[in-house]
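Chemist: Pasting the sequence and the predicted coordinates here, then a few questions.
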Number of protein chains: 2
Amino acid sequence: MKFCPECAAPIVIEIPADDTRERHVCSACKTIHYQNPKLVVGSIPVWTQDGAIKILLCKRAIEPRYGYWTLPAGFMENNETTSQAAQRETEEEAGANIALHELFSMLNVPHVNQVHLFYRATLLDLDYLAGTESLEVRLFSEQEIPWAEIAFPTVSNTLKFFFADLAKVKQGGNYELHTHDLFQAMRD
Amino acid sequence: MKFCPECAAPIVIEIPADDTRERHVCSACKTIHYQNPKLVVGSIPVWTQDGAIKILLCKRAIEPRYGYWTLPAGFMENNETTSQAAQRETEEEAGANIALHELFSMLNVPHVNQVHLFYRATLLDLDYLAGTESLEVRLFSEQEIPWAEIAFPTVSNTLKFFFADLAKVKQGGNYELHTHDLFQAMRD
């Protein structure tokens, strides 16, 4: 941010009175323009057939991580809820019809000022279709997950948490919320 | 946003190619300036003495809702995690030393483009002290909570979820994550 979005005057970086952090402050109208983390929200679409469980992944058609695989997810928009964002992103990126369940994982990525949320979901049919941001969409069993080609650590962590919980669920346990902080830099 | 923060040219509202929503787009450099929801993060500081449980609330010294009571909470900053934000806001607003526990509630407030997160916390001592954004900080038992003077619906909902879970915990149950969407307009 170089210019004030309200009056177009140059921005200065300074610590306002009654604050402890450097902010983007307008040199003319003195408006403080706060910068805050963004939410990235998606789902874990699960397809079950004959007792076998598969997860729907999308091959990214956009940077960053073009050509790598991800769970359907994207930036939350204004005027929607986190579950609406998860449903919307799953429809946009995977063309998938899902029933959304509970929040499954929350991962902090402070290096990039993001918090990622993933909801458990049931894939309702096989009519999925790659959206404009996906090259390909397909189902993977746990053994088929392309771990070396997963786009983001938040996705690989969520998948690992999911399969670990799934083993417990098969023994009569429950899915649980997983919260995790990723302090290493994201790969670009 | 009226002017481009990158080049100071006027902003126009339009739907970019490959998008479905109106965005703030620079008329000169064509940069798209996305607007996204913000995270508000806080804690539920619990003090237990002789089996009696009390919650630490802050009387707001700032607008909105000046003079009303809230759990310590505030906007998450860049370069921190959600739990770091909860701990920082509790220190800033209530001067409170806490041990932070698990995420307890996530409340969507799409009308104001916010997602509120509250963590359970144990108050470690009674050396709390009102920060610059609080008029007063004090402990309340469930019977003493000033329900008509709670600043925000996300706080009253979180307190209600907490006391409902507390009754279950006393019977051998557990605290659970509560997710809730508040569609009514926030009071100002």
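Modeler: Noted; the coordinates are in hand. Residues are numbered from 1 along each chain as shown, chains lettered A, B, ... in the order given.
Chemist: Low-confidence regions, chain A specifically.
Modeler: For chain A, applying pLDDT under 70 flags the ranges A:185-188.
Chemist: can you do 90?
Modeler: A:18-20, A:51, A:184-188 (pLDDT under 90).
Chemist: Can you pull the residues of it lying near chain B?
Modeler: Contact residues, chain A versus chain B (C-beta under 8 Å from any C-beta of the partner chain): A:1-8, A:11, A:18, A:21, A:33-39, A:75-84, A:102-103, A:106, A:108, A:110-111, A:113, A:115, A:132, A:177, A:179, A:181. Where you see a C-beta, it was placed from the backbone N, CA and C, and this is true even at glycine.
Chemist: Buried among those residues? Need that as a selection in ChimeraX.
Modeler: Per 16 or more other C-beta atoms under 10 Å in any protein chain shown, the buried members of the residues of chain A next to chain B correspond to this ChimeraX selection:
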select /A:3,4,5,8,11,37,38,39,76,77,80,81,82,83,84,103,106,108,110,113,115,177,179
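Chemist: And for stretch A:128-148, what's in contact with it?
Modeler: Residues outside stretch A:128-148 that contact it (C-beta atoms under 8 Å, 6 or more residues apart in numbering or on different chains) are A:47, A:52-62, A:67, A:69, A:74, A:91-97, A:156, A:159, A:163, A:166, B:18.
Chemist: Could you do stretch A:156-168 as well?
Modeler: Here stretch A:156-168 has contacts from A:44, A:53, A:55, A:71, A:104-105, A:107, A:116, A:118, A:120, A:142, A:145, A:147, A:150, A:173-176, A:178, A:180, A:182, using C-beta under 8 Å, 6+ apart.
Chemist: Could you tell me whether A:E93 really is in a helix?
Modeler: Yes: checked against DSSP: H, G, I helix; E, B strand; the rest coil, A:E93 lies within a helix.
Chemist: Report the contact partners of it.
Modeler: A:E93 neighbours (C-beta under 8 Å, 6+ apart): A:C58, A:P72, A:A73, A:G74, A:A130, A:G131, A:E133, A:S134, A:V137.
Chemist: same thing but at 7 Å, please
Modeler: For A:E93, the contact set (C-beta atoms under 7 Å, 6 or more residues apart in numbering or on different chains) comprises A:C58, A:P72, A:G74, A:G131, A:E133, A:S134.
Chemist: which one of those residues sits closest to chain B?
Modeler: Nearest to chain B out of the contacts of A:E93 is A:E133 (C-beta to the nearest C-beta; 8.8 Å).
Chemist: Pull the number of nearby residues for that closest one.
Modeler: 17 (other C-beta atoms under 10 Å in any protein chain shown).
Chemist: List only buried entries from the contacts of A:E93.
Modeler: A:C58, A:P72, A:G74, A:G131, A:E133, A:S134.
Chemist: doesn't B:L177 make contact with A:L177?
Modeler: Yes: with contact defined as C-beta atoms under 7 Å, A:L177 counts as touching B:L177 (5.1 Å).
Chemist: Now the common contact residues for these two.
Modeler: In contact with both A:L177 and B:L177: A:L103, B:L103, using C-beta under 7 Å, 6+ apart.
Chemist: hmm, back to that, among the contacts of A:E93, name the ones in helices.
Modeler: Among the contacts of A:E93, no residue falls in helices (DSSP state H).
Chemist: Report the outermost residue of chain A with respect to its centre.
Modeler: Most distant from the centre of chain A: A:A28, at 37.5 Å, with distances by C-alpha atoms, centre = their mean.
Chemist: Please tell me how far the closest residue to that one other than its chain neighbours sits from B:Y68.
Modeler: Using C-beta to C-beta, 6 or more residues apart in numbering or on different chains and skipping the chain neighbours, the partner closest in space to A:A28 is A:A9 (3.4 Å). Going from A:A9 to B:Y68 by C-beta to C-beta, to the nearest Å gives 35 Å.
Chemist: Any buried residues in the longest helix along chain A, and which?
Modeler: As assigned by DSSP H, the longest helix anywhere in chain A is helix A:153-170. Neighbour-count burial for helix A:153-170, with 16+ other C-beta under 10 Å as criterion, is recorded at A:P153, A:T154, A:V155, A:S156, A:N157, A:T158, A:L159, A:K160, A:F161, A:F162, A:D165.
Chemist: Can you give the contact residues for the very next helix or strand once past it?
Modeler: Next helix or strand after helix A:153-170 toward the C-terminus (DSSP states H and E): strand A:178-181. By C-beta under 7 Å, 6+ apart, the residues outside strand A:178-181 that reach it are A:F104, A:S105, A:M106, A:L107, A:N108, A:N157, A:F161, B:T81, B:L103.
Chemist: Make sure the last one is actually in contact with B:E176.
Modeler: No: using C-beta under 7 Å, B:L103 is not in contact with B:E176, being 10.5 Å away.
Chemist: Kindly spell out which helices and strands sit in contact with the strand or helix carrying A:H24.
Modeler: Element membership for A:H24, per DSSP H and E: strand A:23-26. Here strand A:23-26 touches strand A:11-14, strand A:32-33, going by 3 or more C-beta pairs under 7 Å, 6 or more residues apart in numbering or on different chains; DSSP states H and E.
Chemist: May I have that strand as CSV, with CA atoms only?
Modeler: Extracted in CSV, the C-alpha atoms of strand A:23-26 (Å, rounded to 0.1, in the frame of the first residue of the first chain):
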residue,chain,number,x,y,z
ARG,A,23,0.5,0.7,10.6
HIS,A,24,-0.2,2.1,7.1
VAL,A,25,-1.3,5.7,7.9
CYS,A,26,-2.4,8.3,5.4
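Chemist: From the chain's centroid, how far away is that strand?
Modeler: Relative to its parent chain, strand A:23-26 has a centroid offset of 29 Å by C-alpha atoms, centre = their mean, to the nearest Å.
Chemist: who's in contact with stretch A:58-72?
Modeler: A:42-45, A:57, A:89-90, A:93-94, A:96, A:118, A:132-137, A:146, A:149-152, A:155, A:158, A:188.
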